[in-house]
Every structure is written in C-alpha cells, then in structure tokens.
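# Test case, fold it:
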Amino acid sequence: MPKLIESPASASHYGRSRETKMRVAKRAEYGREAVHAILDEGYVAHIAFVTGGKPVCIPIFYVRDGESLLIHGSRKTRMFTELASGLPLCATVTHLDGLVLARSWFHHSMNYRSVMVHGAAEEVRDEAARMQAMWLFMERIAEGRADGSRAPNAQEMKATMVLRIPLETAVAKVRTGGPNDDAEDMDLPYWAGVVPMETRHLAPEVSADMQVDAEVPEGVLARCR
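Predicted structure coming up:
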C-alpha cells in the first residue's frame, strides 16, 4: 500500500501518497466532494497492476459506493483472481472536456477532469452485499433498471466476483480554460482557443430481437434528456 507522506485522510480530504503527487500541483484536488463528483459522472475506470512482472491496464465498468469503487466480473479472469489477492493497483477515471489549441505547439493541451486512486481491492463475500452491489451496477446504467430486468440467478452470482476498492488515497486533477501561451507569442497570426467536448446519451435503439411490445423505460429516456 502507498505510504502517506504529506497529510493523512480527513473528513473532507483524502490522504496524499507519493504516487498521487503531480508535476502541476495547482491542478491537484484532494477534496472528497471533488473526487466524488468526477467519479459519479463516469462509467469506465482503467485498472492498472503488475502481474508476472508485466504491467497490465484494463478498462472496466465501475460504480462508486460511498468511499469505495465497486467492480465485477468473471471469477475465472486473471484480473479478478490477481486483484482479489491484494495486489497493489491504480485506478483512473477521466472526462475529456475540450481540446486546447495554443499559438505554439508546446502549449497545446486538453481540458479534462480526472481521478487517480491507489490501493488494493478486496473481495465482497457477503451474499447480501454482493447482491446490493449488482443492484447498484444496474441503477448506474439507468434509474429503475434493476426492477426493469431479470435479477441474476444463483449460478450467475456464483460465477461473478465483486471487488471493492477503498478510496483511501485519491486525487482529482482538473484543467480548465484556454491556452497558456508565452507572452512573446501573443501577437503571432495563429488562431488559439478551445474546442469543447462532451459525452452525450443519444436516442435509445430498440433491440432487433425484441419479442414483446415494451416501451422504453422512463429511466432510460431520462438518460437522453
């Protein structure tokens, strides 16, 4: 586990570790509210760890549950068997908000919001907690989806591992605004500015193999508004 070196965790802020220090310190935010807001807007985390002496990084669906991230997958996959053993990991979530075009090549950048978490995962073994985690995954897809689809049966639950990643050392990194051009470049005849970007939910597409006449659920439609 990473060692805290600057400050321990508090009620409002996460602890700082060697791994969460960054070159542009002013972009770092350790506040819990900032970290939670970024995590709650995302769907995919990239989980990095070292196995067999080789680095691995795998994208996976996640949901935040209080002060933890939850992920789930097949018990037979290397990722889950390795992480369940307590291997150190790094989890990142990133939202790309814009391309930043400067007058010089050097100062081109991107606007983004990201979170980096260091720690280790632990398997959720309690059956009630496992089912609650699966419910959270469905509700993250769309409100009411847990009741609007079939719950997992015993065989499916047996084949599924749920891992919890505690948010002990976490940091948000955010860039906003326009380009930071050098003073001597300000009068160059080149366009500079920002091309905003966003992730949007588009109109639902009904499955081609639907065998019943079912309306698009309100929770799904709400995603597209």
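# and D209, how many neighbours?
5 (other C-beta atoms under 10 Å). In this view, the C-beta of every residue, glycine as well, is placed from N, C-alpha and C.
# Look up how far T77 lies from it.
To T77, D209 is 27 Å away according to C-beta to C-beta, to the nearest Å.
# before we move on, what about S104?
Looking at S104 against T77, where the rule is C-beta to C-beta, the gap reads 45 Å.
# do Y14 as well
Computed with C-beta to C-beta, the distance linking Y14 and T77 is 29 Å.
# Show me what counts as buried in the top helix by length along the chain.
Counting residues, the longest helix in the chain under DSSP state H turns out to be helix 127-141. For helix 127-141, the neighbour count (16 or more other C-beta atoms under 10 Å) marks 130, 133-134, 136-138, 140-141 as buried.
# can you give me the offset of that helix from its chain's centre?
Computed by C-alpha atoms, centre = their mean, to the nearest Å, the chain-centroid distance of helix 127-141 equals 17 Å.
# Equivalent analysis for stretch 118-133, please.
Shown here is stretch 118-133, whose average C-alpha point lies 17 Å from the average C-alpha point of the whole chain (C-alpha atoms, centre = their mean).
# Offset the numbering so it begins at 49, please.
That works, and once the first residue is 49, the last one we named lands at stretch 166-181.
# Determine how far the last residue of it lies from the first.
This stretch, stretch 166-181, spans 21 Å end to end (C-alpha to C-alpha, to the nearest Å).
# ok, and what's touching it?
Applying C-beta atoms under 8 Å, 6 or more residues apart in numbering, the contact partners of stretch 166-181 are 49-50, 65, 67-68, 111, 113, 118-120, 131-132, 134-138, 199-200, 205, 208-218.
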